[in-house]
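In: okay, sequence plus prediction incoming.
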Amino acid sequence: MRSDIIKKGIARAPHRSLLYATGVSPKVIDRPFIGIASSFTDIVPGHTGMRDLERQIEKGIHSAGGQAFIFGVPVVCDGIAMGHNGMRYSLPSRELIADCVETMANAHQLDGLVLLTNCDKVTPAMLIAAARLNIPSIIVTAGPMLDGECKCNKLTMIKGTFEGIGRYRSGQITEEELTELELNSCPSAGSCQGMYTANTMASLTEVIGMSLPYCATASAVSSQKKRIAFESGMRAVELVTENIKPLDIITRSSLRNAIIADYALGGSTNSVLHLLAIANTAGINLTLNDFEELSSKIKQTIKLDPSANPTMTDFHNAGGIPALLKTLCGNISEFNEDEKNICGLKIKDLVNDVWCDETLIHPITKPVTTQAGLGVLHGNIAPDGAVIKISGVDESCYYFRGVARVFDCEEDSMKALENDEIKDGDVIVIRYEGPQGSPGMREMLAPTSLLVGKGLGKTVALITDGRFSGGTRGICVGHICPEASNGGNIALIKDGDNIEIDIPNRKLNVLLSDEELSERRKELKPFTPKTKSGYLSKYSRLVQDASHGAII
């Protein structure tokens, strides 16, 4: 075992002494040492219930003959960080978390890991860490929160709060009604209720095979989640014994399976960033070309909040990820049903007896839309690609042409929205918010939700070199590459330019000649970094563009 290096032989007497100081008994010193990387905190609702899950995982590890050690990693709540400087730390925290896990696992020569995660950047960070370390590992995603409810109406965090602000500002509801919504939208611990980034990445983790069946959708406050945590602890010890490692599970084929499932689910655009980053860490050749290729072949078969009313609770009750996998097996030639999950089962064997509610999880032959859930756009605004959540766009808006309203930061666009300066037919352009330029590639949930809340979701578009929450809906294009700070053409757009968004043909263009763009480029001033010290300054200097996953 790896841990023998810190506990075997005469020369390791000091090491054993320190281990005994933690309460480890000499009777268990020869057991596999399993780390529990926990993202518990009592400021993030997706993680406040993790103390119970830590305990269940620990019980499982000890029941299977291992010795558990819990350590913590940081976590950012994107909702709380949204709309201010704190959001700049969200995406960079992915690299920080992966570094923390690597440091703890290698410094103490742990034999295996249980990675306890939930929110947006933590789950991909855990997958990156698992691929980087390549020691036996299993992921436990803590699960979604219960649905909110107010006066017999179902609520979710996005529709009840962010979009509620727009409804208040447009006079549809009173301040007292808004207060009532905010008190009832998030009724328990867990990740927010829709197919936002946290639940998208939990779902894709299960598709890839790195978590147990139903882990992605079982409620954070359910007994089923506790059982999954316990069984994951047991399985971690078995993985060490069987020498099954993450790179046996995370393969090019399993990542392409994740892309297919993502398109069927209509998941968050952030999944593109994260899958590219995971592939890069694992040494797997996965690029935007894979996303483009599969996008033309997969239709969306499930529609959840924020694009529709059903939530993760409904998805779980309809059969969850195993039911989705059952609909994909044998029906999509690109889907590899022979990939194995963390239990050692092939997908096709795992789903044999799975029940599926086809009123929510549609058969491949009866998709809910004519498009995939996500799409990659190209054009003179985004020569290296941009991403749109097609599942959040009304079909009447698949082609949109409008007039540019240009802002060099999110805050300026919010002021214009709040002052009713944005009108039907506008295309809001928010730039210098990319990985390097922001720095940190902030999410634009506040302006996109305000658009929808004010009734402009079908008449105004928004494009940015930043990114969006999984809760975003509307005509919203993000991840524009190259970003403005790198001299991308988005930096050349001016107020009044005509912009064309063509989803069926996957095009994004400003209707200007190459000659005009060249003339404007001569006037473009060099980018001045916004942050000169601290973690974000380092991140800005090292980060790559979104088309490569915003990796370091």
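Out: That came through fine. Since the structure is predicted, the reported quantities are computational estimates derived from the model, not experimental observations.

In: give me the distance between residue 463 and residue 274.
Out: Separation of residue 463 from residue 274 (C-beta to C-beta, to the nearest Å) stands at 21 Å. Every C-beta, even on glycine, is put in place using the N, C-alpha and C of the backbone.

In: neighbour-wise, which of those two wins?
Out: residue 463 (29 against 26; other C-beta atoms under 10 Å).

In: tell me the SS of the more buried one?
Out: For residue 463, the assignment made with DSSP: H, G, I helix; E, B strand; the rest coil gives strand.

In: what are the boundaries of the strands in the stretch 301-450 of the chain?
Out: 375-377, 386-388, 399-407, 426-430 (DSSP state E, counting those that start in this stretch).

In: check which helices and strands the longest one is in contact with.
Out: To tie it back to what came earlier, the one meant is strand 399-407. Helices and strands touching strand 399-407, by 3 or more C-beta pairs under 8 Å, 6 or more residues apart in numbering; DSSP states H and E, are helix 410-418, strand 426-430, strand 498-502.

In: just checking, what packs against the first one?
Out: Spelled out, it's helix 410-418. If contacts are counted by 3+ C-beta pairs under 8 Å, 6+ apart, helix 410-418 sits against strand 399-407, strand 426-430, helix 445-453.

In: same question for the second one.
Out: Contact partners of strand 426-430 among helices and strands, from 3+ C-beta pairs under 8 Å, 6+ apart: strand 399-407, helix 410-418, strand 461-464, strand 498-502.

In: export those as CSV, with columns for mean pLDDT and distance to residue 194.
Out: What follows is the helices and strands packed on strand 426-430, written out as CSV (pLDDT from 0 to 100; distance: least, C-beta to C-beta, whole Å):
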stretch, mean pLDDT, distance to residue 194
strand 399-407, 98, 24
helix 410-418, 94, 22
strand 461-464, 97, 19
strand 498-502, 98, 24
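
In: from those, which stretch is densest packed?
Out: strand 461-464 (a mean of 28; mean count of other C-beta atoms under 10 Å).

In: now do that strand: which elements does it pack against?
Out: Strand 461-464 packs on strand 426-430, helix 445-453, strand 475-478, strand 498-502, going by 3+ C-beta pairs under 8 Å, 6+ apart.

In: now do 7 Å
Out: Judged by 3 or more C-beta pairs under 7 Å, 6 or more residues apart in numbering; DSSP states H and E, strand 461-464 is in contact with strand 426-430, helix 445-453, strand 475-478.

In: how far does the last one sit from the chain's center?
Out: Shown here is strand 475-478, whose average C-alpha point lies 16 Å from the average C-alpha point of the whole chain (C-alpha atoms, centre = their mean, to the nearest Å).

In: change the start of the numbering to 17 and stick with it
Out: OK, 17 is where the count begins now, so the last one is strand 491-494.

In: sheet partners, orientation included, of it?
Out: Using DSSP bridges, the strands paired with strand 491-494 are strand 402-404 (antiparallel), strand 477-480 (parallel).

In: I'd like these laid out as CSV, including distance to residue 48.
Out: Below are those laid out as CSV (distance: least, C-beta to C-beta, whole Å):
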stretch, distance to residue 48
strand 402-404, 41
strand 477-480, 47
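
In: what's the closest of the ones you listed to residue 544?
Out: strand 477-480 (19.5 Å; C-beta to C-beta).
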